[in-house]
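Participant: Sharing a model that was predicted from the sequence below.
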Amino acid sequence: MDRSLGNMLPSLDDLFIEAPYSWRWQLLMVTLCSLSIIPDPMIGISPTFFRVEADYRCVDHQTVTYLNSSFAPNQKDLSKEQQCSSDCSRYDFNYSSLDYPSSIQETYGLICEKESLLKWHSSIYFLGMLVGSQLGGIISDFVGRTKLMRLCHLVTAASGVVMAFSGSFVTHLVAWVTLSTSKTFIWMCVVPLLTEVGRRSTRVSFSLVLSCSGSFGTALCAGFAYFLTDWRFFVLGMSGCAFGSFLVLLLADESPRWLWTKGRYYEVFQIMKKAAKIGGTEIPEDIKKIMEGLTLNHPQTGGHTWKKIFSLNCRSGQTRDKGYSSDWWNFFRLFLFARLTFRLFLMCILWTCASSLYYGLYLGADMFDQPLHIYVVIQGVGGIIGCSLGIPLLRFVGRKPVAISVLSLASFCFLICIFIPNNLDNLVLLATLIGMVCMDLFFMLCYVWTSDIMPTVVRTSALGFASMIARLATMALPFISDLEKIWKNLPLLFYGSFAIIVAGCCFFLPESKGKTLPNTLEEGNTFGTIIEDKPSVEETNDACNSLQLREICGDKLETPSFC
């Protein structure tokens with residue numbers, strides 16, 4: 001029952017989400033979302049290739065100044081002043097020791113005093129993710145999931161084109177941070193979307209199938225880099241994939257649960273009709289009468305098709321029901337609830353750990369001394385294995401024990417690499433694969449667990465806030481590698497210790513396996529506790545036969561079959 005309406009309405013789960021006629025539509029939604037998400041991890045891993053740091057030397061007429069040890073006749077390089085003379089007019093780059101023969105370092109002259117900009121290029125990417133994490137959640141809660149994703153895929157494709165053709169490094173950076181922001185917007189929408197359209201028994205599986213698709217995109221990136229050896233064509237190829245994702249999402253529907261919380265019952269009813277048609281069946285008569293009554297009392301305003309595609313007409317003329325406030329202040333009201341606030345704080349810690357370790361592995365080919373293309377493929381394969389294992393684990397074991405187990409195992413993999421001799425490359429490769437399996441599973445678990453615990457009215461806002469806090473930490477990731485100047489294995493020790501500490505935080509979060517998603521802040525505050533507000537059988541029967549329900553749905557309403 002929908003308790004925010006005073007037990008007047010049956011819940012959307014009863015009317016649609018858990019109904020037999022919806023399962024084929026749900027499969028269609030997870031298929032479309034999984035296909036559309038493939039370019040996003042490709043973009044995330046792409047700097048591993050186009051941001052490689054090559055050795056370089058100054059070539060000025062007949063005078064040759066050696067800058068790096070791979071060029072110099074001995075290991076004693078020249079001083080910085082001699083290496084980067086202002087009189088030098090041309091530099092030569094050596095890619096023979098690298099796995100990718102093209103780099104923005106050469107294109108934009110990021111050498112000598114500008115060489116530090118390569119690290120800032122990485123930090124700028126995480127800055128875009130930080131902005132996208134918070135704004136994406138708020139905007140998605142305000143205008144919807146699917147339509148924002150369509151717009152963001154178009155922005156991603158356009159930003160990639162600008163990056164590829166820009167002659168200025170500043171323009172390249174602006175396009176890069178825009179691409180990073182829009183990419184993060186998409187993830188802030190797609191995981192809550194699949195959580196909201198899935199049944200209690202399948203929503204975890206849907207999210208992990210999505211992650212498997214993302215891991216496939218990671219492995220696919222290595223193939224793109226192998227055949228597109230010029231970084232500009234490499235980026236253009238990924239932009240084309242992003243535009244393809246926009247076309248795929250034109251077939252996807254908005255989240256019916258989000259529409260329900262906005263009082264947009266007409267649109268929910270249209271989705272229900274579409275789902276029944278896809279399933280080759282009819283909506284049960286009792287459910288149809290309820291929806292027809294709701295539609296008559298909450299009329300839908302029209303709008304141009306293209307406005308609907310991009311959610312420019314998101315404010316319909318329908319009345320929003322009490323308890324489902326659609327204003328921008330819902331997220332700030334969350335902090336009035338102590339239990340919800342504490343859980344969000346813990347989720348921020350989990351997200352910070354997931355993001356740090358995940359991207360630490362992503363960008364850690366040098367840390368593990370592995371060939372670049374093979375390392376990226378291993379990441380993709382590890383992600384697919386992790387998510388495939390996660391489907392039965394999260395469904396039958398639960399969120400909390402899985403989170404604690406994978407963090408402990410990931411910590412062990414990081415720490416064991418400290419003691420593996422340099423000549424045992426295959427053993428390091430195995431530890432890397434296991435670590436990637438764990439972190440891919442844990443990263444997706446953070447999305448699922450946060451979406452489970454946070455109520456519908458602030459789900460993507462809370463998800464975005466936790467992700468934003470994590471991005472603040474990951475902005476320092478490019479500089480964590482500098483810890484190896486103190487001790488070669490210090491970055492590994494940092495990651496391993498961090499993982500085991502965060503595993504302890506999981507004990508304070510509620511298990512959400514098999515539970516109904518909370519819709520309001522009040523429901524979220526009592527979620528997973530012994531005082532959780534659940535209607536009794538008597539309350540349910542009273543609500544199904546109440547005069548209020550008949551007034552909403554019409555005098556000819558019969559008692560629904562699920563009452």
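Facilitator: Nice, thanks for sending it over.

Participant: contacts, neighbours, all on C-alpha from now
Facilitator: Fine.

Participant: For residue 404, which residues are in contact?
Facilitator: 503-504, 506 (C-alpha atoms under 8 Å, 6 or more residues apart in numbering).

Participant: again, only using 7 Å
Facilitator: By C-alpha atoms under 7 Å, 6 or more residues apart in numbering, residue 404 lies in contact with 503, 506.

Participant: so which strand or helix has it?
Facilitator: helix 399-419 (DSSP states H and E).

Participant: Please write out the alpha-carbon positions of that helix in CSV.
Facilitator: Extracted in CSV, the C-alpha atoms of helix 399-419 (Å, rounded to 0.1, in the frame of the first residue of the first chain):
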residue,chain,number,x,y,z
ARG,A,399,24.4,-7.0,0.3
LYS,A,400,26.2,-6.8,3.6
PRO,A,401,28.1,-10.1,3.7
VAL,A,402,29.1,-9.8,0.0
ALA,A,403,30.4,-6.2,0.6
ILE,A,404,32.5,-7.3,3.6
SER,A,405,33.9,-10.4,1.8
VAL,A,406,34.9,-8.6,-1.5
LEU,A,407,36.6,-5.8,0.4
SER,A,408,38.6,-8.2,2.5
LEU,A,409,39.6,-10.2,-0.6
ALA,A,410,40.5,-7.0,-2.5
SER,A,411,42.6,-5.9,0.4
PHE,A,412,44.5,-9.2,0.4
CYS,A,413,45.2,-8.9,-3.3
PHE,A,414,46.7,-5.5,-2.9
LEU,A,415,48.8,-6.4,0.0
ILE,A,416,50.0,-9.8,-1.4
CYS,A,417,51.4,-8.0,-4.4
ILE,A,418,53.9,-6.3,-2.1
PHE,A,419,55.6,-9.7,-1.4
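
Participant: tell me which residues of it are tucked away?
Facilitator: By 16 or more other C-alpha atoms under 10 Å, the buried positions in helix 399-419 come out as 399-400, 402-404, 406-418.

Participant: same thing with stretch 156-176?
Facilitator: Neighbour count says stretch 156-176 has 156-164, 166, 169, 172-176 buried, by 16+ other C-alpha under 10 Å.

Participant: Specify the strand with the largest residue count in the protein.
Facilitator: In the chain, ranked by residue count with DSSP state E as the criterion, the top strand is strand 55-60.

Participant: hmm, back to that, of the buried residues of stretch 156-176, which belong to helices?
Facilitator: 156-164, 169, 172-176 (DSSP state H).

Participant: Closest one to residue 440 out of the residues you listed, please.
Facilitator: residue 156 (23.2 Å; C-alpha to C-alpha).

Participant: Any regions of the protein where pLDDT drops low?
Facilitator: Within the chain, the stretches with pLDDT under 70 are 1-9, 60-89, 97-99, 298-330, 361-371, 422, 425, 476-482, 530-563.

Participant: What about residue 389, how many residues nearby?
Facilitator: Number of residues near residue 389 (other C-alpha atoms under 10 Å) recorded here: 15.

Participant: any idea how far it is from residue 214?
Facilitator: Taking C-alpha to C-alpha, to the nearest Å as the measure, residue 389 falls 15 Å from residue 214.

Participant: Distance from the chain centre to whichever helix or strand comes after the helix holding residue 404, please.
Facilitator: Where DSSP H and E defines the elements, the next helix or strand beyond helix 399-419 is helix 425-453. On the basis of C-alpha atoms, centre = their mean, to the nearest Å, helix 425-453 is displaced by 14 Å from the centre of the chain it belongs to.

Participant: Would you mark the buried spots in helix 425-453?
Facilitator: Here helix 425-453 shows 428-429, 431-453 as buried, counting by 16+ other C-alpha under 10 Å.

Participant: could you give the angle of it to helix 399-419?
Facilitator: Put simply, helix 425-453 runs at 160 degrees to helix 399-419, going by axes from the mean of the first three to the mean of the last three C-alpha atoms, to 10 degrees.

Participant: which helices and strands does helix 425-453 pack with?
Facilitator: helix 169-197, helix 203-227, helix 338-362, helix 372-396, helix 399-419, helix 459-474 (3 or more C-alpha pairs under 7 Å, 6 or more residues apart in numbering; DSSP states H and E).

Participant: quick one: contacts of the fourth one?
Facilitator: Contacts to helix 372-396, defined as C-alpha under 7 Å, 6+ apart, come from residues 99, 204-205, 208, 211-212, 215-216, 218-219, 222, 365, 402, 433, 436-438, 440-441, 513.

Participant: same thing but 8 Å
Facilitator: Counting by C-alpha under 8 Å, 6+ apart, residues outside helix 372-396 touching it are 45, 48-49, 99, 201, 204-205, 208-209, 211-213, 215-222, 226, 362, 365, 402, 433-434, 436-441, 513-514.

Participant: Give me the buried subset of these.
Facilitator: Buried among the contacts of helix 372-396 (16+ other C-alpha under 10 Å): 45, 48-49, 99, 204-205, 208-209, 211-213, 215-222, 362, 365, 402, 433-434, 436-441, 513-514.

Participant: what about residue 116, neighbour count?
Facilitator: The burial count for residue 116: 11, using other C-alpha under 10 Å.

Participant: can I get the helices and strands packed on helix 425-453 in TSV with distance to residue 260?
Facilitator: Listed next are these as TSV, based on distance: least, C-alpha to C-alpha, whole Å:
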stretch	distance to residue 260
helix 169-197	11
helix 203-227	18
helix 338-362	23
helix 372-396	26
helix 399-419	27
helix 459-474	14
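
Participant: List the contacts of residue 173.
Facilitator: Counted by C-alpha under 8 Å, 6+ apart, residue 173 has contacts 121, 124, 163.

Participant: Residue 276: which of those residues is nearest?
Facilitator: residue 163 (44.1 Å).

Participant: check contacts around the residue nearest to the closest one when sequence neighbours are not counted.
Facilitator: In space, and not counting its chain neighbours, residue 163 is closest to residue 172: 4.8 Å by C-alpha to C-alpha, 6 or more residues apart in numbering. Residue 172 makes contact with 162-164, 166 under the criterion C-alpha under 8 Å, 6+ apart.

Participant: next one: residue 456
Facilitator: Residues counted as contacts of residue 456 (C-alpha under 8 Å, 6+ apart) are 257-258, 261, 517-520.

Participant: at 7 Å what do you get?
Facilitator: With C-alpha under 7 Å, 6+ apart, residue 456 has these contacts: 518-520.

Participant: Then residue 331?
Facilitator: Counting by C-alpha under 7 Å, 6+ apart, residue 331 has contacts 458, 461.

Participant: Now tabulate the contacts of residue 172 in JSON lines and tack on distance to residue 247.
Facilitator: Below are the contacts of residue 172 laid out as JSON lines (distance: C-alpha to C-alpha, whole Å):
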{"residue": "162", "distance to residue 247": "20"}
{"residue": "163", "distance to residue 247": "22"}
{"residue": "164", "distance to residue 247": "22"}
{"residue": "166", "distance to residue 247": "26"}
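
Participant: Pull the longest strand of the chain out as PDB, backbone CA atoms only.
Facilitator: Extracted in PDB, the C-alpha atoms of strand 55-60 (Å, rounded to 0.1, in the frame of the first residue of the first chain):
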ATOM      1  CA  ASP A  55      60.200  10.100 -23.700                       C
ATOM      2  CA  TYR A  56      61.200  13.200 -25.700                       C
ATOM      3  CA  ARG A  57      64.200  15.100 -26.800                       C
ATOM      4  CA  CYS A  58      65.000  18.500 -28.300                       C
ATOM      5  CA  VAL A  59      66.000  18.400 -32.000                       C
ATOM      6  CA  ASP A  60      67.100  21.800 -33.100                       C
END
